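# Give the three-dimensional model of this entry:
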Amino acid sequence: MGALPKAIRVILNLPEPRQQQTESRTPPEQGGGVQPGHTGPGQANPWVEAARRLEPANAPAGAAGGEGRPPAGATGAVGGRPGSDGVPGGVPWNVQEETSGARFARRFGRGLLWTVVALAAITGVRSWFFPDKPPQAPPPVVQAAPRYAEAQAQAVAARFARAYLTWSEDAVAQRESALALDLAPGVDVRLGWDGKGTQRVEELYPGTVTVLKDGRARVRIEALVSGAPAAQGKASAQWIGLDVPVARVGERIVVTGAPGVVALVRPAAPAPWEAPEADAEMSTRTKGVVEQFFKQYAAGDPSAVAAPGVRIPALPKGYVLAAVNNWTVDLAKGDERTGTAVVTWSTSGGTVSQTYRVSITRVASANAGRWQVSGLHGGAY
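Below is the predicted model:
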C-alpha cells in the first residue's frame with residue numbers, strides 16, 4: 001500500500017480497507033464451517049460467527065451452561081489458546097493506541113483543508129460585491145512635435161534683413177548676391193527694388209519668431225537705417241521693424257519672399273514699483289560711507305572701502321563722481337541692510353544720473369563697529 005493514500009486516510013480519519021482474502025474450507029474438527037470474510041450459498045454469516053466467538057469472553061463467571069466453558073463449535077477459549085484470527089481470547093482484532101504524531105498530522109491536515117475551503121469561499125463571495133476590474137490599457141504616448149529652430153530662423157532673417165535694407169546704385173550685383181544666400185529658389189533677387197537710391201543699416205537686432213503652419217514662420221527684425229541726405233544736406237536715421245517670412249526646408253531655414261516694413265510698437269507701462277519704506281536714521285548715519293565708496297568705485301579701487309573679503313570690480317574709465325544725490329536705507333533690522341542710491345556721474349563732457357541698489361553690512365572690531373559696502377548692482381530693484 002502506498003504512503004500517500006495512507007497519509008490521506010490518517011488526515012481525514014478514514015478506516016483501513018478490509019483485505020479480501022481467499023477463504024478455504026477447514027475440517028469440522030478444526031473449527032468447522034467457513035472462515036470469516038467469505039460467505040457462500042447456505043453458509044453462516046461471518047458477523048454472526050464472530051459474535052458467537054466473542055460470547056465466552058463477555059460471559060460472566062459461573063454462568064449456567066459450563067462455568068466459562070465455550071460453547072460447542074467455538075474455536076477459541078477464554079484465556080486459552082489463540083482463536084482462528086491468532087488473537088488471544090478469540091478476539092478477531094487488536095485495539096491499537098493512536099500515536100501523538102499521527103493525531104497531530106490528522107488535526108493539522110484537517111485544519112489546513114478547512115482553511116483552504118474557507119479562503120476559497122471568502123474569495124468567491126468577495127467577487128460578488130467587489131468584482132475584479134479589467135486591466136486598463138496604458139495611456140497613449142503622445143510625442144511632442146519638434147521645436148521650431150527659432151535661433152536658426154533669427155540668424156537667417158537677420159542676415160537677410162541687413163542685405164535687403166542696404167542698397168546703392170553702385171552696388172546692385174553685390175546686393176543681389178547677398179540676398180541669394182537665403183532666398184528660396186525661384187524668388188526674384190531684386191525683391192521689388194528699382195535700382196535707385198542709397199540706404200544702409202546702422203544697427204540690427206532679431207526679435208520675436210511667430211511659428212505658423214507647415215514649417216513656416218515670421219521673424220520680426222528691428223533695424224536702425226539711414227537714408228540719403230535730404231534737401232537740407234542732413235542724413236535721416238530711424239528705427240524700423242521688418243517682418244521676414246521664412247520656412248523650414250529639410251535642415252535649412254530659407255526666406256520665402258519679400259518682407260514688409262512695419263512700425264515698432266511702443267512698450268506698455270508696467271505696474272508702478274513701490275519703493276520700500278525708508279529708515280531715515282540709518283540713511284543719515286551711513287550716507288558718508290556710501291559717498292566714500294562711490295568715489296573709490298570711480299577711482300578704480302572700491303575694494304579698499306568695501307567690507308572685508310568682498311571684491312567689487314571697478315567702474316569703467318571715463319566716469320567721475322559728481323554727487324550722491326539721494327541715499328535711503330530700507331526699513332529693517334539686523335546687521336545686513338540694503339538701500340537705494342541715486343548717483344550723478346560726469347562723463348563725455350556732460351552728466352548723467354543713475355540708480356543703484358547697495359548692500360551694507362556691520363563690521364565689528366575691538367574698539368567699535370562700522371558699516372561697509374558688501375555689494376551693489378544697477379537699477380531700482
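
# tell me, how many neighbours does Ala161 end up with?
27 (other Cβ atoms under 10 Å). In short, each C-beta sits where N, CA and C put it, glycine included.

# Now the helix or strand harbouring it: average pLDDT?
When secondary structure is defined by DSSP states H and E, Ala161 falls within helix 150-164. Helix 150-164 shows a mean pLDDT of 96.

# Equivalent analysis for stretch 220-238, please.
On average, stretch 220-238 scores 79.

# What of stretch 195-209?
Here the average pLDDT along stretch 195-209 is 94.

# returning to what we had before: determine how far the helix holding Ala161 lies from the middle of the whole chain.
40 Å (Cα atoms, centre = their mean, to the nearest Å).

# Same question for stretch 218-225.
The answer for stretch 218-225 is 43 Å, by Cα atoms, centre = their mean.

# Okay, buried residues for that stretch please.
Arg218, Val219, Arg220, Ile221, Glu222, Ala223, Val225 (16 or more other Cβ atoms under 10 Å).

# The third one touches Gly207, doesn't it?
Looking back up the chat, that one is Arg220. Yes. Using Cβ atoms under 8 Å, Arg220 is in contact with Gly207, at 3.8 Å.

# okay, and the common contacts of these two?
Residues touching both Arg220 and Gly207 (Cβ atoms under 8 Å, 6 or more residues apart in numbering) are Gly241.

# and the next element down the chain from the helix holding Ala161?
Next along from helix 150-164, by DSSP H and E: strand 167-168.

# all strands of the stretch 251-381 of the chain, in order?
Under the criterion DSSP state E, counting those that start in this stretch, strands of the stretch 251-381 of the chain are mapped to 252-255, 260-262, 278-279, 320-330, 336-347, 350-364, 369-378.

# Need the winner for burial among those.
Of all these, strand 252-255 has the most neighbours on average by mean count of other Cβ atoms under 10 Å, namely a mean of 20.

# Would you map out the domains in this protein?
What the record gives for the chain is the domain set 150-262, 278-378, from automatic domain parsing.

# buried set for stretch 191-206?
Leu191, Trp193, Val201, Leu204, Pro206.

# Spit out the contact partners of the second one.
The one in question is Trp193. Trp167, Arg175.

# any idea how far it is from Ile221?
17 Å (Cβ to Cβ, to the nearest Å).

# Endpoints of stretch 360-369, how far apart?
13 Å (Cα to Cα, to the nearest Å).

# Could you tell me how far that stretch lies from the centre of the chain?
50 Å.

# before we move on, what about stretch 269-285?
44 Å.

# residues making contact with that stretch?
With Cβ under 8 Å, 6+ apart as the criterion, stretch 269-285 contacts Trp327, Thr328, Val329, Asp330, Leu331, Ala332, Arg337, Gly339, Thr340, Trp371, Ala380, Tyr381.

# Apply 7 Å and report the result again.
Trp327, Thr328, Val329, Asp330, Leu331, Arg337, Gly339, Ala380, Tyr381 (Cβ atoms under 7 Å, 6 or more residues apart in numbering).

# gap between the two ends of that stretch?
Using Cα to Cα, the two ends of stretch 269-285 sit 36 Å apart.

# So for it, what gets flagged as buried?
So for stretch 269-285, counting by 16+ other Cβ under 10 Å, buried means Asp279, Met282, Ser283.

# Equivalent analysis for stretch 109-120, please.
Gly109.

# chain center to it: distance?
On Cα atoms, centre = their mean, the centre of stretch 109-120 falls 43 Å from the chain's centre.

# Appreciated, that's everything.
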